[in-house]
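Enquirer: sequence? don't have it. structure:
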């Protein structure tokens, strides 16, 4: 029976990154995947949704050009070609990942894994052992058990990206990041989108001051947003709510995800609610078995899972890695404009702080691009100027945020940001002005 140093179950962003890191660190690695490498992120999540969002962003840019005098009277959307482009990009990315796995001499097993308490793993009749096992099995879409739902047909994010024709109408149930991004990805292409969210507001885990901007943009895109109601029951293509009946042609549930914990249940690992209980090094209740990503607490984000996988490998190697700081994990919403955040929101700060917010309408580059919807926001401690949190709402916010995050991670303060010389004209120079605003010395305010 073959023996490995580490066996990793699941080849998503947590699993395959951990496998490559372990192999490059001299470990003999087995990687198991029951479906496609890349996991939900590459196949039915982050990557396909962001490709659609890029298509929609381009449509909006073309329309903006008409306002400037660059006239494009008609825009024809060849949706099958857009979807073929999506498939081609994903295929290239997955080919790259498989190439990395092969070039690092990682043994890839394809099929459903079963794991025994003695650390043996069986996949499609093949059995091997490992000194350590890492569970990185990800999650699946959650569909609430609404009354009458069995009479309705619907998509989840696991099935939606296989559509071949642009829907004329789409009703999305949900109000979180996935739901809102899907609304933004389809509406500019010509789909009539209705977003049904029973809560009082959308994006409730995100910066409160960003939400009105996104709601207003949704209105401009013709997205119908319905909030603050109760679902009553479903009946075929009718959704009965406390606010009335909503009919649909196509229905997408974007109501969160649930962890794939079958192996953990078989191993009788300890749980914390729906999630696997782990310590600060992601060790489970059984020695030599670890769990990361959507299986455990923290942010359900691809880059978070990748960092956790690397942490586990370094812990196994005895490197004593620094604990993962949740306040240093960036959170991104790829709407138009984007929202990018790290650290604390104002409502979460427990010590004396100062906050500065610089609207983009005073930024020259944002004005040139006609992307003035948004702001740069910084939260810092009153005394030292230690960075507690930041948010950028802007076109390209997910890239702009990194200057502030790098400063925080390097131990820098808002003083460092205020003294930094940013190139002009750029949207990122607003970071320096926001930092100066902490001291009441912003130039463009």
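Expert: In hand now; what should we look at? Because the structure is a prediction, the values reported are computed rather than measured.

Enquirer: is the closest residue in space to residue 416 that isn't next to it in sequence within a helix or a strand, and which one?
Expert: Leaving aside its sequence neighbours, residue 416 sits nearest to residue 407 (Cβ to Cβ, 6 or more residues apart in numbering; 5.7 Å). Every C-beta, even on glycine, is put in place using the N, C-alpha and C of the backbone. Assessed by DSSP states H and E, residue 407 sits inside helix 402-409.

Enquirer: helices or strands next to that helix in the packing?
Expert: The helices and strands touching helix 402-409, judged by 3 or more Cβ pairs under 8 Å, 6 or more residues apart in numbering; DSSP states H and E, are strand 338-343, strand 387-394, helix 414-419.

Enquirer: for the longest one, packing partners?
Expert: For strand 387-394, the helices and strands in contact under the criterion 3+ Cβ pairs under 8 Å, 6+ apart are strand 338-343, strand 375-381, helix 402-409.

Enquirer: now the ones you listed in TSV, with distance to residue 320, mean pLDDT and mean neighbour count?
Expert: Below are the helices and strands packed on strand 387-394 laid out as TSV (distance: least, Cβ to Cβ, whole Å; pLDDT from 0 to 100; neighbours: other Cβ atoms under 10 Å):
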stretch	distance to residue 320	mean pLDDT	mean neighbour count
strand 338-343	25	98	25
strand 375-381	28	98	24
helix 402-409	19	97	18
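
Enquirer: turn those into CSV, including distance to residue 233.
Expert: Converted to CSV, the helices and strands packed on strand 387-394 look like this (distance: least, Cβ to Cβ, whole Å):
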stretch, distance to residue 233
strand 338-343, 34
strand 375-381, 41
helix 402-409, 45
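
Enquirer: so which of these gets nearest residue 128?
Expert: Nearest to residue 128 among these is helix 402-409; the distance by Cβ to Cβ comes to 38.3 Å.

Enquirer: what's in contact with that closest one?
Expert: Helix 402-409 is contacted from outside by 328, 330, 342-343, 378, 387, 390, 392, 413, 416-417, 420, 428, 431, using Cβ atoms under 8 Å, 6 or more residues apart in numbering.

Enquirer: and with 10 Å instead?
Expert: Contacts with helix 402-409, where a contact means Cβ atoms under 10 Å, 6 or more residues apart in numbering, come from 325, 327-330, 340-343, 376-378, 380, 386-392, 412-417, 420, 422, 428-429, 431-432, 434-435.

Enquirer: relative orientation of that helix and strand 375-381 in degrees?
Expert: 10 degrees (axes from the mean of the first three to the mean of the last three Cα atoms, to 10 degrees).

Enquirer: all numbers from here: first residue = 21
Expert: Sounds good: first residue 21 from here, last item helix 422-429.

Enquirer: tell me what residue 52 is bridged to.
Expert: Counting by DSSP bridges, residue 52 forms beta bridges with residue 29, residue 129.

Enquirer: that one touches residue 143, doesn't it?
Expert: Yes. Using Cβ atoms under 10 Å, residue 52 is in contact with residue 143, at 5.5 Å.

Enquirer: okay, those two: which has more neighbours?
Expert: residue 52 (27 against 20; other Cβ atoms under 10 Å).

Enquirer: residues contacting the more buried one?
Expert: 27-31, 35, 39, 127-133, 135, 141-144, 148, 153, 156-157.

Enquirer: likewise for residue 153?
Expert: By Cβ under 10 Å, 6+ apart, the contact list for residue 153 reads 24, 26-29, 50, 52, 133, 135-136, 139-141, 283, 287, 304, 306, 308-311.

Enquirer: the helices and strands packed on strand 407-414: which one's closest to residue 66?
Expert: Nearest to residue 66, of all the helices and strands packed on strand 407-414, is strand 358-363, at 13.8 Å by Cβ to Cβ.

Enquirer: mind giving me the packing neighbours of the longest helix seen in the chain?
Expert: Counting by DSSP state H, the longest helix found in the chain is helix 99-123. Identification of packing neighbours for helix 99-123 by 3 or more Cβ pairs under 10 Å, 6 or more residues apart in numbering; DSSP states H and E yields helix 35-44, strand 49-53, helix 59-64, helix 66-88, strand 127-130.

Enquirer: let's go with 6 Å and repeat that
Expert: Applying 3 or more Cβ pairs under 6 Å, 6 or more residues apart in numbering; DSSP states H and E, one finds that helix 99-123 makes contact with helix 66-88.

Enquirer: residue 388: which element?
Expert: helix 384-389.

Enquirer: buried residues of that helix, list them for me.
Expert: Residues of helix 384-389 classed as buried: 385, 386, 389 (neighbour count, 16 or more other Cβ atoms under 10 Å).

Enquirer: now do the contacts for the second one.
Expert: Read it as residue 386. 380, 392, 447 (Cβ atoms under 6 Å, 6 or more residues apart in numbering).
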